[in-house]
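Asker: give me a model of this one.
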Amino acid sequence: MPIENNNIPDFKNFFLSYKDKVYKYALLHLKGEDTAADLVQEAFSRIWKKWSELDENKNPQSYLYTIAKNLVFDELRKQKVRIQFKLDGIDTSRQVDNSNEESIRFKDLERVYREAIEKLPRARLEIFLLSKEEFLDNQEIADRLGISVNTVRDQLVKGNKFVRQYILDNFEISIALLIFLTIF
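Answerer: Numbers count the residues shown, from 1 in each chain. Presented below is the predicted three-dimensional model:
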């Protein structure tokens, strides 16, 4: 059943339950506290706008995670463009629209990333996705799967190493790659 619009206590509880996880995810990937805080604000703003349309039985936190992941990817793409401008000596205050080319390259990078994680062994893939897409920390993953924190840590290190190497082997080396690889 749809969540009631203007049900502020439910939204507040939702916000309090997930804001720290979204912030940690954003901070891990973007490396900037202000940028991560802005991303949290934007993600929850988007959720609030759709709050009345969300079905509580269909896992609104999945929708939040999708929004956060997309916002992180968008920000990484913007950072890549800024870095490329700086490397090329281009004035970043000028408006330059190369968004179509950038979008295509970013989609290619995301495709290679998805290919890489699909090649992970099943157990490692599960741990990897819980960490990277559900924003669970190592202890939460260990508790959920009934394994040790050291096993989680080891599997994440191996998963990150594999994904990084797969991307290096299967994607044209560029500044996009360098930015993307810093998130691992």
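
Asker: make it CA atoms for all contacts and neighbour counts henceforth
Answerer: Noted.

Asker: so where's the longest helix in this structure?
Answerer: helix 60-88 (DSSP state H).

Asker: counting by contacts, list what whatever helix or strand comes next after it packs against.
Answerer: Note on helix 60-88: by DSSP states H and E, the next helix or strand toward the C-terminus is helix 99-118. Here helix 99-118 touches helix 149-170, going by 3 or more C-alpha pairs under 8 Å, 6 or more residues apart in numbering; DSSP states H and E.

Asker: got the angle for the helix it packs on vs helix 99-118?
Answerer: 130 degrees (axes from the mean of the first three to the mean of the last three C-alpha atoms, to 10 degrees).

Asker: so who does residue 24 touch?
Answerer: By C-alpha atoms under 8 Å, 6 or more residues apart in numbering, residue 24 lies in contact with 36, 135.

Asker: for it, pull up the helix or strand it's in.
Answerer: Counting by DSSP H and E, residue 24 is part of helix 8-30.

Asker: could I get the CA-only coordinates of that helix as CSV?
Answerer: Coordinates of each C-alpha in helix 8-30 appear next as CSV, following Å, rounded to 0.1, in the frame of the first residue of the first chain:
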residue,chain,number,x,y,z
ILE,A,8,6.3,13.3,8.2
PRO,A,9,6.9,10.9,11.1
ASP,A,10,7.4,8.0,8.7
PHE,A,11,9.7,10.0,6.5
LYS,A,12,11.6,11.3,9.5
ASN,A,13,12.1,7.7,10.7
PHE,A,14,13.1,6.6,7.2
PHE,A,15,15.6,9.5,7.0
LEU,A,16,17.1,8.8,10.4
SER,A,17,17.5,5.1,9.6
TYR,A,18,19.3,5.6,6.3
LYS,A,19,21.0,9.0,6.3
ASP,A,20,24.3,7.8,7.8
LYS,A,21,24.5,4.8,5.4
VAL,A,22,24.0,7.1,2.3
TYR,A,23,26.5,9.6,3.7
LYS,A,24,29.1,6.9,4.3
TYR,A,25,28.5,5.5,0.7
ALA,A,26,28.9,9.0,-0.8
LEU,A,27,31.9,9.9,1.3
LEU,A,28,33.6,6.6,0.4
HIS,A,29,33.1,7.3,-3.3
LEU,A,30,33.4,11.0,-3.5
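
Asker: sounds good, over and out.
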